[in-house]
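S.K.: no FASTA, just this:
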């Protein structure tokens, strides 16, 4: 079920014995990609930026406890330059040439990218991603970096934000693309769509 404003999201219930536990965003995306069948996948989560967004505190035993939390989360399907290969992500996509110069684009299903609170209003269960784009001069870029951990880098006239269930991004030149912290290629265009409530994680 897609999360709605002012409605409860998730339920209480432990992860059944023998189920998989994932410790990173990329590991969770890979696990999901390997699944088959119509049943909504159920998996434990104990680390990563999505885990932090969901309020995880690093307790590796909690998913098996009776007071564990189960939430249905969205995933993001991504293709590059029209290539039919689909890449699956759970937390974030980053498109950039360099951190020091040129535009940087974040597509966020989670709030966090490492220690940065890139998209403070992102919600991994609302059926949309937050797209945050900026092309700042070095001085403003350094100021934004200092504010990113607290999420106070926005609003800023050089940073745009929008929310969408699908996106098509086209760049002036090739950018390197990272999905859940790992490189997936270099591209001048990225297309993606949200797969709402694609799996349930327990934490």
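M.R.: Sure thing, it's come through. Everything numeric in this text was worked out from a predicted model, so none of it was measured. Numbers count the residues shown, from 1 in each chain.
S.K.: OK, contacts around residue 150?
M.R.: residue 117 (CB atoms under 8 Å, 6 or more residues apart in numbering). Using the backbone N, CA and C atoms, a C-beta is placed for each residue, glycine as well.
S.K.: gap between the lowest-mean-pLDDT helix or strand in the chain and the chain center?
M.R.: Least confident helix or strand, the chain: helix 138-147 with a mean of 76, by mean pLDDT, DSSP states H and E. Put simply, helix 138-147 sits 23 Å off its chain's centre (CA atoms, centre = their mean, to the nearest Å).
S.K.: can you check stretch 81-89 too?
M.R.: 16 Å.
S.K.: list the buried residues of it.
M.R.: 87-89 (16 or more other CB atoms under 10 Å).
S.K.: what's in contact with the helix or strand following the least confident helix or strand of the chain?
M.R.: Downstream of helix 138-147, the first helix or strand assigned by DSSP states H and E is strand 159-164. With contact meaning CB under 8 Å, 6+ apart, strand 159-164 is reached by 119, 128-134, 136, 144, 153-154.
S.K.: neighbour-wise, which of those leads?
M.R.: Neighbour tally across those (other CB atoms under 10 Å): the maximum, 29 neighbours, falls on residue 129.
S.K.: okay, and the beta partners of it?
M.R.: Note on residue 129: beta-bridge partners by DSSP bridges are residue 164.
S.K.: where does it land on pLDDT?
M.R.: In this prediction, residue 129 carries a pLDDT score of 98.
S.K.: roughly how far is the longest strand anywhere in the chain from the heart of the chain?
M.R.: Under DSSP state E, the strand in the chain containing the largest number of residues is strand 182-202. Strand 182-202 has its C-alpha centroid displaced from the chain centroid by 8 Å (CA atoms, centre = their mean).
S.K.: average pLDDT for that strand?
M.R.: Strand 182-202 comes out at a mean pLDDT of 96.
S.K.: kindly report the same for stretch 159-173.
M.R.: Averaged across stretch 159-173, the pLDDT comes to 94.
S.K.: now it: buried residues?
M.R.: 159, 161, 163, 165, 167, 169, 171.
S.K.: quick check: the last one touching residue 188?
M.R.: Looking back up the chat, that one is residue 171. Yes. Counting by CB atoms under 8 Å, residue 188 is a contact partner of residue 171 at 5.2 Å.
S.K.: any idea how far the residue of the chain most remote from its centre lies from residue 50?
M.R.: Relative to the C-alpha centroid of the chain, counting by CA atoms, centre = their mean, residue 139 is the outermost residue, at 27.6 Å. With distances taken as CB to CB, to the nearest Å, residue 139 is found 32 Å from residue 50.
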